[in-house]
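J.: take this sequence and fold it.
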Amino acid sequence: MTERVDFYVLKTATETERWRLACRLAEKAYLIDLRVLVLSETLADAKAIDDLLWTFDERSFVPHRLRREDSAAAAAAPVEILADAAGAPPADLLVNLANRPPGELERFARIAEIVDADQERRRLGRERFKFYRDLKIPLETHQLDATMSI
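T.: Numbering: from 1, shown residues only. Presented below is the predicted three-dimensional model:
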């Protein structure tokens, strides 16, 4: 079962900043040997995050792969990016960039939800917060700005 859900709330409405934070969270988890899944809303978003993981920090290297239905049998990477959590392997951390909570929560030890200042994404984030709260999963909220570290 999921031990905890962390909500990271950004002051900006820039989608790229959400993706950059997802990359930073994935890197931090990877560096302590955690298995990470990054769940995006669309395949196009997943591809953009895949590209960003190569370039978000010139000093870092995060081994990752874009997981597609046809590549599920391929060797796993420490960080995998996907647009659909159905059939995804268990992970120590799920970074959720989708507008909905993932299914089969018991597969993820921890979940990181990233919410920005976009009104619709903020509303959907509140719905996910209530969803987890109703399941009695411990919740933490982190208010972030561009200068803060995670």
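J.: can we go C-alpha only for contacts and neighbour counts from here?
T.: Will do.
J.: in the protein, which spans are strands?
T.: 4-10, 36-39, 64-66, 79-82, 91-96, 108-115, 139-144 (DSSP state E).
J.: just these: most buried one?
T.: strand 36-39 (a mean of 28; mean count of other Cα atoms under 10 Å).
J.: just the CA coordinates of it, formatted as CSV?
T.: C-alpha atoms of strand 36-39 as CSV (Å, rounded to 0.1, in the frame of the first residue of the first chain):
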residue,chain,number,x,y,z
VAL,A,36,10.8,5.5,-10.3
LEU,A,37,7.9,5.8,-12.7
VAL,A,38,6.9,9.2,-14.2
LEU,A,39,3.2,9.2,-15.3
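J.: which other residues reach it?
T.: 22, 26, 29-30, 46, 78-85, 91-98 (Cα atoms under 8 Å, 6 or more residues apart in numbering).
J.: could I get the strands of the chain in TSV, plus columns for mean pLDDT and distance to Leu124?
T.: Shown next, in TSV, are the strands of the chain (pLDDT from 0 to 100; distance: least, Cα to Cα, whole Å):
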stretch	mean pLDDT	distance to Leu124
strand 4-10	97	12
strand 36-39	97	15
strand 64-66	93	25
strand 79-82	95	20
strand 91-96	97	12
strand 108-115	97	9
strand 139-144	95	15
